[in-house]
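Chemist: Using only what follows, build the 3D model:
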Amino acid sequence: MGGGFVRYSLGTAFRALGWVLLAFAGLALVWREPVLGFLSSAVVGLGLGQLLRRTGTPKAEPRRAEGLYIVATMWLLVPLIGALPYWIGGGVGLIDAYFEAMSGFTTTGATILSDFGQWGKSLFLWRALSQWFGGVGIIVLFVAVLPHFAVAGRQLFFAESTGVQKEKLTPRLRHTAEMVLRVYTLLTIMAVLGYWITGMSFYDALAHALTTMPAGGFSPNPQSFAAYSPASQWVAVVFMFFAGANFLLIAGTFFARSPRNPWRDPEFKIYTLAIVTASTILAIYHVHLHDYALEPALRHAFFQVTSLLTSTGFASVDYTQWVVPAQALLVFVMFVSGSAGSAAGGVKLVRWLVMTNHVIRELKRTLHPNAVLPLRLGSKAVGEDVLRSVSAFVMLYLFLFVLGTMVIVFTEHDLIVAFTASAAFIGNVGPGLGSVGPMGSFADLHPLAKLVGIFQMWAGRIELIPVLLLFHPDTWRALRRSR
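Modeler: Sure, this is the predicted structure:
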């Protein structure tokens, strides 16, 4: 499992997970629900964590290869431990349990549950909390689990970077991470209050808040937000919007001593414009083709566009019953994605902006071959190294999406299910169309399709590159040298 520092870091994460699962065992005992699943996973997490820490070695400054390896293996193995409560206590198969846990920690929201009555409140709350941890991702791990890293956090943050260097809010990365965590936690608390005030029970409000801010979207209600009041749906729109925005920008706008103007950020402007434009088009469809009144048309349009664009995956209505152009618009926004530095999955808008500006520059260069045309994002120049990184990522993303679609279509014999399921997996969105729609389930997928989904959710959450580097021999040579 890598060098001494890798074992020590993974052991620290497993031990922290074990303590959380032990707390859930106590909660299940209080609620008189099955305890064995939580208890056994807690024993595995604590035991394995302690063993890895004892055989590992802490280090002040790991190599980049070590950081990438830690991120990739942590996102692969933590869900494996987190799957035990579903397998032992939830009565599902091992592949289904791993699928559910990977979906939770990667904030995908896809579920194999078709009978929501088979799980108790403790399992649903564990599912929600796993998404909350996954949403803040490597930042939470850096602040809460691996606080001794200091400058080593830069290597780990590299593994979830977008390839475009965003402006730092504070000079020290750890302080920045702590600020983001505070903002993330505060918005979660505000979401709990918002849902509670608008009619949800406190348990439902907590469960939905824990899956809103990480842009996860899993609901303990099989009807998702269709089961709740219009006011709760509008509250969800607001917090899903925040979940898909850059958390550093939110912190700098609302919580800094010298507030920023978010409209100076080109990514935020495009992010807002994309939601408003797509929602307006969809609302017009509702009014003219679905006979919706104005308020429900706007509410369902803004809800579904914001939900799928930010990769949250909640549903205010079964949109598989809408006309095909409306469904196609929702599939399109699944590929748009949220901002860099947000909880959203997918490509991230900043990459699409870089690629769009690159295409425009190449068109101009065709007309003016001798012109000097620097690539810019807003007022800032984008280096060619960044362009190469972004181009490689987008190509890898599309390749894995197409590959996943081909495998799933051979097992399911349904192109719509395969296309939208693959898009939902790699983009960490959750629901698709057809049998895997918002009111459906992934339970009936072939085991091979579920394994493909597990791989795509894992790769998509950690931005592809760390996963692919695991298959590169240079990575393993660097790890051997670091021992």
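Chemist: burial measure for residue 30, as a count.
Modeler: 10 (other C-beta atoms under 10 Å). Where C-beta positions appear, they are placed from N, C-alpha and C, glycine not excepted.
Chemist: dump the residue contacts of it.
Modeler: If a contact means C-beta atoms under 8 Å, 6 or more residues apart in numbering, then residue 30 has no contacts.
Chemist: Same question for residue 423.
Modeler: Residues in contact with residue 423 (C-beta under 8 Å, 6+ apart) are 331, 334-335, 401, 429, 432.
Chemist: repeat for residue 269
Modeler: residue 263.
Chemist: buried ones in the host helix or strand of it?
Modeler: Of the helices and strands defined by DSSP states H and E, residue 269 is found in helix 266-289. For helix 266-289, the neighbour count (16 or more other C-beta atoms under 10 Å) marks 266-268, 270-271, 274-275, 278-279, 282-283, 285-286 as buried.
Chemist: Determine how far that helix lies from the middle of the whole chain.
Modeler: On the basis of C-alpha atoms, centre = their mean, to the nearest Å, helix 266-289 is displaced by 22 Å from the centre of the chain it belongs to.
Chemist: ok, and what's touching the following helix or strand past that helix?
Modeler: Scanning forward in sequence from helix 266-289, with DSSP H and E defining helices and strands, the next element found is helix 294-309. With C-beta under 8 Å, 6+ apart as the test, helix 294-309 has contacts from 217, 225, 230, 233-234, 236-237, 240-241, 244, 274-275, 278-280, 282-287, 290, 292, 312-317, 319, 329-330, 333-334, 336-338, 429.
Chemist: Show the subsequent helix or strand relative to helix 294-309.
Modeler: Tracing the chain past helix 294-309, the next element assigned as helix or strand by DSSP H and E is helix 324-336.
Chemist: what about the helix or strand just after that following helix, distance to the chain center?
Modeler: Using DSSP H and E, the helix or strand that directly follows helix 324-336 along the chain is helix 349-367. Its chain's C-alpha centre lies 27 Å from the corresponding centre of helix 349-367 when counted by C-alpha atoms, centre = their mean.
Chemist: Quick one: mean pLDDT over the helix holding residue 269.
Modeler: Averaged over helix 266-289, pLDDT sits at 91.
Chemist: could I get that helix in PDB with only the CA atoms?
Modeler: Listed next in PDB are the C-alpha coordinates belonging to helix 266-289 (Å, rounded to 0.1, in the frame of the first residue of the first chain):
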ATOM      1  CA  PRO A 266     -15.900  35.500 -15.200                       C
ATOM      2  CA  GLU A 267     -16.700  32.000 -14.100                       C
ATOM      3  CA  PHE A 268     -19.300  33.100 -11.600                       C
ATOM      4  CA  LYS A 269     -20.900  35.300 -14.200                       C
ATOM      5  CA  ILE A 270     -21.200  32.500 -16.700                       C
ATOM      6  CA  TYR A 271     -22.300  30.100 -14.000                       C
ATOM      7  CA  THR A 272     -25.200  32.400 -13.000                       C
ATOM      8  CA  LEU A 273     -26.100  33.200 -16.600                       C
ATOM      9  CA  ALA A 274     -26.200  29.500 -17.600                       C
ATOM     10  CA  ILE A 275     -28.600  28.700 -14.800                       C
ATOM     11  CA  VAL A 276     -30.900  31.700 -15.500                       C
ATOM     12  CA  THR A 277     -30.900  31.100 -19.300                       C
ATOM     13  CA  ALA A 278     -31.500  27.400 -19.200                       C
ATOM     14  CA  SER A 279     -34.200  27.800 -16.400                       C
ATOM     15  CA  THR A 280     -36.000  30.500 -18.400                       C
ATOM     16  CA  ILE A 281     -36.100  28.300 -21.600                       C
ATOM     17  CA  LEU A 282     -37.400  25.400 -19.500                       C
ATOM     18  CA  ALA A 283     -40.000  27.500 -17.800                       C
ATOM     19  CA  ILE A 284     -41.300  28.600 -21.200                       C
ATOM     20  CA  TYR A 285     -41.600  24.900 -22.200                       C
ATOM     21  CA  HIS A 286     -43.600  24.300 -19.000                       C
ATOM     22  CA  VAL A 287     -46.100  27.100 -19.500                       C
ATOM     23  CA  HIS A 288     -46.700  26.300 -23.200                       C
ATOM     24  CA  LEU A 289     -46.400  22.500 -23.300                       C
END
